[in-house]
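In: Just need the structure, nothing else, for what follows:
(chains A and B)
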Number of protein chains: 2
Amino acid sequence: MSNAKFDVTAIGNAIVDVIAQADDALLVSHNLPKGAMNLIDAEMAEKLYGIMGPGKEASGGSAGNTIAGIAMLGGKTAYIGKVADDQLGKIFTHDIRAAGVTYDTRPLTGGLPTARSLIFVTPDAQRTMQTFLGACTQLGPEDVNMDHVSASKVIYMEGYLWDLPRAKQAMLDAAMKAKENGVKVSLTLSDAFCVARFRDEFLDLAEKYVDILFANESEILSLYQTDDFDTALQQVREHCEIAALTRSEKGSVVVKGNEIHVIDAVKGVKVVDTTGAGDAYAAGFLYAYTQGTDLKTAGKLGGAMAAQVISQYGPRSEKADVLKLKAGVL
Amino acid sequence: MSNAKFDVTAIGNAIVDVIAQADDALLVSHNLPKGAMNLIDAEMAEKLYGIMGPGKEASGGSAGNTIAGIAMLGGKTAYIGKVADDQLGKIFTHDIRAAGVTYDTRPLTGGLPTARSLIFVTPDAQRTMQTFLGACTQLGPEDVNMDHVSASKVIYMEGYLWDLPRAKQAMLDAAMKAKENGVKVSLTLSDAFCVARFRDEFLDLAEKYVDILFANESEILSLYQTDDFDTALQQVREHCEIAALTRSEKGSVVVKGNEIHVIDAVKGVKVVDTTGAGDAYAAGFLYAYTQGTDLKTAGKLGGAMAAQVISQYGPRSEKADVLKLKAGVL
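Out: Take a look at the predicted model:
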């Protein structure tokens, strides 16, 4: 593991975010489930963009945000995800490479456009995402660069991929390859609704493949169909080698068998936009973990990264800010 | 004037901004003149994008920013500018319409892409712009909706258009039409280098057509080839009915013949990115002016709008913030 070419290789939906402020009434009148990620088709994307206020664009995608964060922290990284050969695809490609990530997935030509997620940010800083997957739907096993996978310390995958049968196969192939090569497999559950859609498969995946599981409170409760956090915590200890459970203002809990750390959230953060909080946590955690720190330090860097990203608009922090955090924690 | 359909119709280069942090060394090593706007071709745009850090995208363009600001303040507005029928063009169109602006210029098809400006923001919050004009180069007299022009209280034009011969003709046609219909003509000088390129023509334009001139200090000094602000001030009083001269932290000076107001800048602003400061000033000024306020109030709303936009990344403020400013000044 110490001579690995990459600290982390991530696989995810390659998405450009379109972010705009919105009031709660708009969510209600268009039946948008607050705080969730919802998949929409091209027609609905057009319609919702029409009712959206002036926006700002930034490269996003859950695993894309995480891997960019790890790269900005100084980690060696690769990313696998599908954009189209269009303007948004060029933006996504530029941003992830400019962050320092190796990204060489072949873009889709002549078909669907690059994915975008319409993100409505309400005055309470919650984000509600409506995602048109476009070119992401064409990610398949042939896109997984197995050399990257086997040359990594950890691979990181997002539960969101499970919505796409070929992407799901790509994930499973990558997980198997990782296992064969002693590469750790990490997964984020992504979204409570996503967990509800695929609960049994995620449980099976967690038991068979996942070494490091990331989940927020609603996701882990959904996975184990309980409304009691501690009940879920006791179960996940049996299923995964390591679990990092994020709880918003309550901080996070990191567990590895009998080793448990309850880590407080960073205090005094003025929350502007919660987009990317979980992704940033995973970035901080995995960077520290692959540098060989203890789990508590990994959880603290995760929490610091999350606190940074929610204090600004958009899903990725600036490198200068990230390096300041790193100096403060490590 | 009081029954005009539009308070302001603006004509400008329709541009999507790509904003990234940069250090001074990067500007020096690529010979980018700090604080200026420089025109580049497609090849150079590609090259500079390659050396740029991860970016964020937002609709921009000087007059586009101004007209969006006026619309968010509650003004009735129209915009004339050329995008291509591509993803960036759709973003520009969405954002300006979502701000409340009437925008019906026919997009360019099958040719050049939508313009973009690569904006390097240095730690001192200065912005250095490298602009690939793309589809903007195809704006011509045929794109000027003369019904919008003659149905406005004021038309607003950016000096940047002068770099393009057909856009320049479009501007002149609009200015003549405005004059015939008793519509006030306003112009921003845009950039000191732009003024240097076209000094005699701008002087001629100011004398013949311009009722309200917007300029920052370096632009007005360049126009009158002096290094003394007061000298330039005395000259512009002779040339234009009204001049609004912005001076960064020194505030602004608004002059109309013998009426002169020296307006202090808003204090205590944490400057993040100066992109759009002048555009926002013009928005506040023109909104107040077309609502019939006195010139001092117009200058104060301009200053407040500028202070707001420089406290954040990107060239346009959020509507909620703009409405708070308005309530504070008017």
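In: what's around residue A:213, how many residues?
Out: If you count neighbours by other CB atoms under 10 Å in any protein chain shown, residue A:213 ends up with 25. Every C-beta, even on glycine, is put in place using the N, C-alpha and C of the backbone.
In: and if you look at residue A:313?
Out: As a burial measure, residue A:313 scores 23 neighbours (other CB under 10 Å).
In: Residue A:238 now?
Out: Neighbours of residue A:238 (other CB under 10 Å): 9.
In: how close does it get to chain B?
Out: 40 Å (CB to the nearest CB, to the nearest Å).
In: Then residue A:157?
Out: As for residue A:157, its distance to chain B is 22 Å (criterion: CB to the nearest CB).
In: what kind of secondary structure is that residue in?
Out: strand (DSSP: H, G, I helix; E, B strand; the rest coil).
In: For it, name its beta-bridge partners.
Out: Taking DSSP bridges as the rule, residue A:157 bridges to residue A:11, residue A:187.
In: wait, isn't it in contact with residue A:63?
Out: Yes: look at residue A:157 against residue A:63 with CB atoms under 8 Å: they come within range, at 6.7 Å.
In: what residues are shared contacts of the two?
Out: Taking CB atoms under 8 Å, 6 or more residues apart in numbering or on different chains as the contact rule, residue A:157 and residue A:63 both touch A:10-12, A:188.
In: for stretch A:120-139, how far is the first residue from the last?
Out: Start to finish, the residues bounding stretch A:120-139 are 26 Å apart (CA to CA, to the nearest Å).
In: Tell me which residues of it come out buried.
Out: Going by neighbour count (16 or more other CB atoms under 10 Å in any protein chain shown), the buried part of stretch A:120-139 is A:120-122, A:125-139.
In: Tell me which of those fall in helices.
Out: Using DSSP state H to define helices, no part of those is located there.
In: what's residue A:212 in contact with, if anything?
Out: Counted by CB under 8 Å, 6+ apart, residue A:212 has contacts A:154, A:184-187, A:240-244, A:286, A:289.
In: again, 10 Å this time
Out: A:154, A:156, A:184-188, A:240-244, A:254, A:256, A:282, A:285-286, A:289, A:298 (CB atoms under 10 Å, 6 or more residues apart in numbering or on different chains).
In: Let me see the contact set for the closest residue to residue A:88 other than its chain neighbours.
Out: Leaving aside its sequence neighbours, residue A:88 sits nearest to residue A:114 (CB to CB, 6 or more residues apart in numbering or on different chains; 3.8 Å). Contact analysis of residue A:114 by CB under 10 Å, 6+ apart lists A:14-16, A:82-93, A:107-108, A:132-136, B:87.
In: Take those residues and keep only those in strands.
Out: A:15-16, A:132 (DSSP state E).
In: what bridges to the residue in the stretch 1-150 of chain A that chain B sits nearest to?
Out: Nearest residue of the stretch 1-150 of chain A to chain B (CB to the nearest CB) works out as residue A:57 at 3.8 Å. Beta-bridge pairing for residue A:57 (DSSP bridges): residue A:18, residue B:57.
In: so how far is residue A:116 from it?
Out: The gap separating residue A:57 from residue A:116 is 8 Å, by CB to CB, to the nearest Å.
In: What of residue A:293?
Out: From residue A:293 over to residue A:116 (counting by CB to CB), the distance is 36 Å.
In: who has more neighbours, these two?
Out: When residue A:293 and residue A:116 are compared for neighbours, residue A:116 comes out ahead with 23 against 17, by other CB under 10 Å.
In: got the contact list for the more buried one?
Out: Taking CB under 10 Å, 6+ apart, we find residue A:116 in contact with A:15-18, A:45, A:49, A:57, A:60, A:88, A:92, A:130-134, B:87, B:91.
In: Would you double-check that it falls in a helix?
Out: No: Residue A:116 is assigned strand when assessed by three-state DSSP, not a helix.
In: Give the bridge partners for it, please.
Out: Beta-bridge partners for residue A:116, by DSSP bridges, are residue A:16, residue A:132.
In: Show the contacting residues for the residue nearest to the spatial centre of chain A.
Out: The centre of chain A sits closest to residue A:62, judged by CA atoms, centre = their mean, with a distance of 3.0 Å. For residue A:62, the contact set (CB under 10 Å, 6+ apart) comprises A:10, A:12-13, A:15, A:37, A:117, A:129, A:156-161, A:188, A:190-191, A:214, A:276, A:278-279, A:282, A:315.
In: which stretches of the stretch 1-150 of chain A aren't confidently modelled?
Out: A:1-2 (pLDDT under 70).
In: Could I get the full set of strands for it?
Out: Using DSSP state E, counting those that start in this stretch, the strands of the stretch 1-150 of chain A run over A:6-11, A:15-21, A:37-39, A:56-59, A:77-80, A:102-103, A:115-121, A:127-132.
In: I'd like these written out as TSV, with distance to residue B:326 added.
Out: As requested, the strands of the stretch 1-150 of chain A are exported to TSV (distance: least, CB to CB, whole Å):
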stretch	distance to residue B:326
strand A:6-11	45
strand A:15-21	17
strand A:37-39	35
strand A:56-59	22
strand A:77-80	44
strand A:102-103	44
strand A:115-121	22
strand A:127-132	27
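In: I'd like to know which of those strands is closest to residue A:195.
Out: Evaluated over the strands of the stretch 1-150 of chain A, closeness to residue A:195 peaks at strand A:37-39, with 11.5 Å, by CB to CB.
In: Show me what that closest one is packed against.
Out: In terms of contacts (3 or more CB pairs under 10 Å, 6 or more residues apart in numbering or on different chains; DSSP states H and E), strand A:37-39 is packed against strand A:115-121, strand A:127-132, helix A:192-197.
In: Quick one: the ones you listed as JSON lines, columns for distance to residue B:143 too.
Out: Below are the helices and strands packed on strand A:37-39 laid out as JSON lines (distance: least, CB to CB, whole Å):
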{"stretch": "strand A:115-121", "distance to residue B:143": "28"}
{"stretch": "strand A:127-132", "distance to residue B:143": "31"}
{"stretch": "helix A:192-197", "distance to residue B:143": "46"}
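In: in which helix or strand would I find residue A:278?
Out: Using DSSP states H and E, residue A:278 sits within helix A:277-290.
In: so whichever helix or strand comes after that helix versus strand A:127-132, what angle?
Out: Sequence order places helix A:295-310 as the next helix or strand after helix A:277-290, per DSSP H and E. With axes from the mean of the first three to the mean of the last three CA atoms, to 10 degrees defining the directions, helix A:295-310 sits at 80 degrees from strand A:127-132.
In: Could you list the buried residues of helix A:295-310?
Out: A:295, A:297-310.
In: Run the chain-centre distance for that helix.
Out: The chain centroid and the centroid of helix A:295-310 are separated by 14 Å under CA atoms, centre = their mean, to the nearest Å.
In: which other helices and strands contact that helix?
Out: Secondary elements touching helix A:295-310 (3+ CB pairs under 10 Å, 6+ apart): helix A:62-73, strand A:242-246, strand A:252-256, strand A:259-263, helix A:277-290, helix A:319-329.
In: returning to what we had before: out of the strands of the stretch 1-150 of chain A, the one nearest residue A:170 is which?
Out: strand A:6-11 (6.7 Å).
In: how far away is residue A:283 from chain B?
Out: Taking CB to the nearest CB, one finds residue A:283 at 14 Å from chain B.
In: Let me know the distance separating residue A:176 from residue A:150.
Out: For residue A:176, the distance to residue A:150 equals 11 Å [CB to CB].
In: What of residue A:198?
Out: 26 Å.
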